[in-house]
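Participant: coords please:
(2 chains)
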Amino acid sequence: MARQYITTAIDYPNAAPHMGHVLEKVLADVCARWFRLRGDDVRFQIGTDEHGIKIQQTADREKLSPRELVDRNVPMFQNLYQKLGISADLFIRTSDENLHWPTVIELWKRLEKAGVLEKRTYTGLYCSGCERFLTKKDLVDGMCDIHKVKPQEVKEENWFFKLSEETAWLKKLLKKDYKIIPSFRENETMALLETGLDDVSFSRPKSSLSWGIPVPGDENQTMYVWCDALTNYISGLDIFGLAKEASHAKLTAGSEVWWSSATVTHVIGKDIARFHALIWPAMLKHAGVRTPDQLLIHGFLTSEGQKMSKSLGNVVKPDEVLAHFGGNPDPLRFYLSHEVPVGNDGDFSWKRIDEVYVSKLGNQLGNMLNRVLVMLKKEDTELIIPSDTENAAKTKKQWQEFAETLNTFDIHGALQQVMTAVDAMNRAFNAAEPWKLKGAEKIEALSRFAESLRHVSLMLLPFIPGTAQKISVQLGVPYAGAMLEKSFVITESMKQWGAMKDWKRVGEPSILFPPLEKA
RNA sequence: CGCGGGGUGGAGCAGCCCGGUAGCUCGCAAGGCUCAUAACCUUGAGGCCGCAGGUUCAAAUCCUGCCCCCGCAACCA
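Facilitator: Residues are numbered from 1 along each chain as shown, chains lettered A, B, ... in the order given. Predicted coordinates for the structure are as follows:
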């Protein structure tokens, strides 16, 4: 059995979660669910990146300690993802000193021992208003554009990771053993490698960054984001076996196999692609740990066609979207899966999500189910699904295409395939005119549509699990009750036309997607 | 000459690599059906495929030049 370890980026909890966070989690969740459904053994991890100057500053502003701030904010992420049905096995927090820290410290020690860390004096332009170093692009006429002051030249000690020496090795790795999806991102990364890499700063003096993991053996330095945050992918598995007693409840025994002998997929946004493509594997190499297998890179979400920004006031809060649909996460999950091709940027629009809800979910899918079930219910009799070579072949082909599409992470394409099938069903229903038929002929005709819907329901399971299960429950399919369990696998017989011999009767029809209240 | 993405009926997109009746979803109009969530089905209106040249029997598709838009990335290392 294939073993899959799938992770998302860990979120920075200095403010409430937004739609960008949701896009990524839904994408990863669809993948994780599909892996499970096709029979793979799956471990899925999400979490939060809680250290850094930004958290420190935000906490100061709100008169809290950094610890208090993250303890207040992190549950917003956890609750949201629970409401969205994100099926993660572990939510890791980088402030977790029992589970996360020991692995990070061990990794640092290994890097130092390998001779790839070096302490240097860094000279930069520091703006006391921003409380950070500025880069050239932050400057306007040599001044901080925000505070209109000339930044001071400040020298500080930093540990550096010698990434510049890894260019050749990384080129080889990316060509062969580390796949980047979509491929145009790979081209971008290769182009970046052509220009050569700089060494990266791995630590800050404690005086400027105190909220973080101390550098082992150099207590006046605090680790900077890379060694701390990226490491979550392996600390959540405790691959070195160092986790402190208190964290053992979060781990399953022998978790390290999820790294050592699994297909490792990191789902991330395009902003952090280069760090995952370059720094992360280079770190692992020098720590003597195998490198991950693939990077799945998604784009960003705009809001109503414009960049999401606080100043434009168009930031969409995921909780508002959930509330808009009465707490049902599936319209949002469907929207993100159906409207945003993986890898591309997408747009969130209230008008559009309402359209998709009404037209696709309500009128096409929900109504199709209802028209079949209501008629069958009136007949109040057992289903007759005749063996039918034409439908059997068609269904087989559909499953093949669906699996192929999803296996290449084209979740948008796969969902569209399912919806195209639903579309065809509506047409076929009109053509068959079952309301004009009588007796066994009528039951047979309707049973065919019920059987088609059973397949549709299975295919929808990765995308809109709750709805998919409800469809199967209404259809009265025997396995419906188990569909949301992580151990549920779509078996060969489930994929076969008419193979559910113990499925006799349909259940009670009810409206899946009620019309929206007029605002 | 920074880099990247893009400009196709009212909206959102596919087609472009491998030239040959311009397609999909939503919206709109008319008709049909009546099993169903006023849903569903059929048909139709609507486009000089950003602009200007070039290659070709033939260009949304290939070549050249130009114009315009959007990002440089999630609240801010």
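Participant: the strands in the stretch 101-250 of chain A, which residues?
Facilitator: Secondary structure of the stretch 101-250 of chain A by DSSP state E, counting those that start in this stretch: the strands cover A:117-127, A:132-134, A:139-140, A:143-144, A:152-161, A:179-181, A:200-201, A:203-205, A:214-215, A:218-223.
Participant: shaky segments in the stretch 151-300 of chain A?
Facilitator: Applying pLDDT under 70 to the stretch 151-300 of chain A flags the ranges A:246-250, A:252.
Participant: 90 instead, please
Facilitator: For the stretch 151-300 of chain A, applying pLDDT under 90 flags the ranges A:151-158, A:163-201, A:204, A:207-209, A:224-226, A:243-255, A:268-275, A:277-278, A:294-300.
Participant: thinking again about what came up before, just the strands of the stretch 101-250 of chain A: most buried one?
Facilitator: strand A:203-205 (a mean of 22; mean count of other C-beta atoms under 10 Å). The C-beta positions use only the backbone N, C-alpha and C, and glycine is treated the same way.
Participant: how far away from the center of its chain is it?
Facilitator: Using C-alpha atoms, centre = their mean, to the nearest Å, the distance from the centre of strand A:203-205 to the centre of the chain it belongs to is 31 Å.
Participant: near RNA strand B at all, that strand?
Facilitator: No: Strand A:203-205 stays clear of RNA strand B (C-beta under 7 Å from any atom of the strand), getting no nearer than 8.8 Å.
Participant: that strand: partners in the sheet, and parallel or antiparallel?
Facilitator: strand A:218-223 (antiparallel) (DSSP bridges).
Participant: the strand it pairs with near RNA strand B anywhere?
Facilitator: No: Strand A:218-223 is not in contact with RNA strand B by C-beta under 7 Å from any atom of the strand; minimum separation 11.7 Å.
Participant: which is the succeeding secondary structure element to that strand?
Facilitator: Next helix or strand after strand A:218-223 toward the C-terminus (DSSP states H and E): helix A:225.
Participant: what residues does stretch A:106-122 touch?
Facilitator: A:155-162, A:165, A:199, A:201-202, A:215-218, A:223, A:227, A:231, A:234, A:240, A:242, A:282-283, A:286-288 (C-beta atoms under 8 Å, 6 or more residues apart in numbering).
Participant: 7 Å - rerun?
Facilitator: A:155-162, A:201-202, A:215-216, A:223, A:227, A:231, A:240, A:242, A:283, A:286-288 (C-beta atoms under 7 Å, 6 or more residues apart in numbering).
Participant: how about stretch A:191-211: buried residues?
Facilitator: A:L192, A:L193, A:L197, A:D199, A:V200, A:S201, A:F202, A:S203, A:R204, A:K206, A:L209, A:W211 (16 or more other C-beta atoms under 10 Å).
Participant: contacting residues around the residue nearest to the fourth one when sequence neighbours are not counted?
Facilitator: Same thing as A:D199. Closest residue to A:D199 apart from its sequence neighbours, by C-beta to C-beta, 6 or more residues apart in numbering: A:F160 at 4.5 Å. Contact partners of A:F160, counting by C-beta under 7 Å, 6+ apart, are A:E118, A:R120, A:D199, A:V200, A:S201, A:F202.
Participant: now narrow the residues you listed to whatever sits close to RNA strand B.
Facilitator: A:S201.
Participant: OK, now which residue of chain A is nearest to RNA strand B?
Facilitator: A:G366 (1.4 Å; C-beta to the nearest atom of the strand).
Participant: let me know whether that residue touches A:S510 as I believe.
Facilitator: No: between A:G366 and A:S510 there is no contact under C-beta atoms under 7 Å: 9.9 Å.
Participant: comparing those two, which residue is more hemmed in?
Facilitator: A:G366 (22 against 13; other C-beta atoms under 10 Å).
Participant: my read is that one is in a helix, agree?
Facilitator: Yes: counting by DSSP: H, G, I helix; E, B strand; the rest coil, A:G366 is found in a helix.
Participant: mind listing what it touches?
Facilitator: A:I511, A:L512, A:F513.
Participant: report how many residues lie close to the last one.
Facilitator: Which is A:F513. 22.
Participant: same check, this time on the second one
Facilitator: A:L512 has 20 neighbouring residues, counting by other C-beta under 10 Å.
Participant: ok but it is inside a helix, no?
Facilitator: No: read with three-state DSSP, A:L512 is coil and lies in no helix.
Participant: could you pull up phi and psi at it?
Facilitator: Backbone geometry at A:L512, expressed as degrees, to the nearest 10, gives phi -80, psi -50.
Participant: for it, give me its contacts.
Facilitator: Neighbour list for A:L512: A:G366, A:L369, A:T467, A:K470 [criterion: C-beta under 7 Å, 6+ apart].
Participant: wait, what's in contact with the last one?
Facilitator: What it means is A:K470. So A:K470 contacts A:L512 (C-beta under 7 Å, 6+ apart).
Participant: the second one now?
Facilitator: With contacts taken as C-beta under 7 Å, 6+ apart, A:L369 has the following neighbours: A:L453, A:I471, A:Q474, A:L512.
Participant: intersect those with the contacts of RNA strand B.
Facilitator: Within those, those near RNA strand B by C-beta under 7 Å from any atom of the strand are A:L512.
Participant: narrow the contacts of A:L369 to those in strands?
Facilitator: Among the contacts of A:L369, none falls in strands (DSSP state E).
Participant: okay if I get the contacts of A:L369 as a markdown table plus pLDDT?
Facilitator: Formatted as a markdown table, those follow (pLDDT from 0 to 100):
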| residue | pLDDT |
| --- | --- |
| A:L453 | 96 |
| A:I471 | 96 |
| A:Q474 | 97 |
| A:L512 | 93 |
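Participant: which of the contacts of A:L369 fall in helices?
Facilitator: A:L453, A:I471, A:Q474 (DSSP state H).
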